[in-house]
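A.B. asks: Model the following, please.
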Amino acid sequence: MTFAGMLERGPVVLDGGLATELERLGHDLSDSLWSARLLRDSPADIAAVHRAYFESGADVAITASYQATYEGFAAAGIGADETTRLLRLSVELARQARDDVRPGGLVAASVGPYAVVLANRSEYTGEYGDVTAEQLAAVHRPRIAALLEAGPDLLALETVPSIREVAALAALLAEFRGIEAWMTFCCRDGERLSDGTAVEEAVRVASAAPLAAVGVNCTAPQHVDSLLERIRAATDLPVVAYPNNGWAGESVVFPAELVEGWRDRGAAAIGGCCGTGPAAVAGIAAALRG
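C.D. replies: Numbers count the residues shown, from 1 in each chain. Model prediction:
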């Protein structure tokens, strides 16, 4: 089953916040490696979270590789060979959970933005300084290659906050043939990426790549309606949306009418990001599957 094939069958349910659930299990994720550290220190808990999401109705698991880069692991004293192993392991853990719980599901290998190297929350500003397209590609290329060696079903190029990075990823994706990918943007409001670029322009630039879908993630839910309308007006590609918990408090469950509204505005795949858990995914599945 391909992601495109799954989308043709009807609305697709994505999983929820991985780090949110790992913190609920008692892990401190405050260091620069965030959830990627647990690929080394507690892979069993990562697998358990993937299983919980599949059991809650998710069709797609997004791997624990968001914060995993050769540069980030090197700064933590982890060598290149071990980094490659951990990147591959992120796919293997999700795939095993899928095989155990939902054999028809898919595994999307997470490729977080360049901001994860800076570890300064710049995914929410898009402020990367003077970094060049070549430097962006040099970070993403080896991690994508390592992830693909493990055989995910597709790539999730996610939380992209900057038009420069959109362009760099679109160009880089052309180097990797025969793999599906979506690209999702981190947005500051209902119109613009974190760096202020109009979302329609980001869609235009991203569409130079052979993408299976575009959309938004790690964005406050109150902005999603407007963003979906703008994205749908700018492309014929399927649209994905997995917003974060835009409200204060514990893990959120999105109201059914909100999820149904996202679907009606063109979201073909819906899940949750930071601040969402299995209950949110179960609610999304119930809303989309009636």
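
A.B. asks: Which stretches in this protein count as helices?
C.D. replies: 3-8, 18-24, 38-41, 43-55, 70-75, 80-101, 115-118, 133-149, 163-173, 199-206, 224-234, 256-264, 278-289 (DSSP state H).

A.B. asks: for the ones you listed, which one sits closest to F185?
C.D. replies: Closest approach to F185 among the helices of the chain (Cβ to Cβ): helix 199-206, 5.4 Å. Glycine gets a C-beta too; all of them are placed from N, C-alpha and C.

A.B. asks: Flag every buried residue along that closest one.
C.D. replies: Judged by neighbour count (16 or more other Cβ atoms under 10 Å), helix 199-206 contains these buried residues: V199, A202, V203, V205, A206.

A.B. asks: likewise stretch 86-98?
C.D. replies: Going by 16+ other Cβ under 10 Å, stretch 86-98 has these buried residues: L86, L87, R88, L89, S90, V91, E92, L93, A94, R95, A97, R98.

A.B. asks: what about the protein, any weak spots by pLDDT?
C.D. replies: 246-250 (pLDDT under 70).

A.B. asks: try 90
C.D. replies: 177-178, 245-252, 290 (pLDDT under 90).

A.B. asks: give the contact list for the residue sitting nearest the centre point of the chain.
C.D. replies: Compute the mean C-alpha point of the chain, and by Cα atoms, centre = their mean the closest residue is E158, 4.2 Å away. E158 makes contacts with I62, Y66, S110, V111, G112, P113, W182, M183, T184, N217, C218, as judged by Cβ atoms under 8 Å, 6 or more residues apart in numbering.

A.B. asks: Which phi and psi values does the fifth one adopt?
C.D. replies: Dihedral angles of G112 (phi, psi; degrees, to the nearest 10) stand at phi -70, psi 170.

A.B. asks: Make 411 the starting number, not 1.
C.D. replies: Yes, from this point I'll number from 411; that puts the last item at G522.

A.B. asks: ok, it touching T569?
C.D. replies: Yes: contact criterion Cβ atoms under 8 Å: G522 and T569 qualify, at 6.0 Å.

A.B. asks: Report the set of residues contacting both of the two.
C.D. replies: Y476, E533.

A.B. asks: More neighbours: which of the two?
C.D. replies: Set G522 next to T569 and count neighbours by other Cβ atoms under 10 Å: T569 wins out with 27 against 24.
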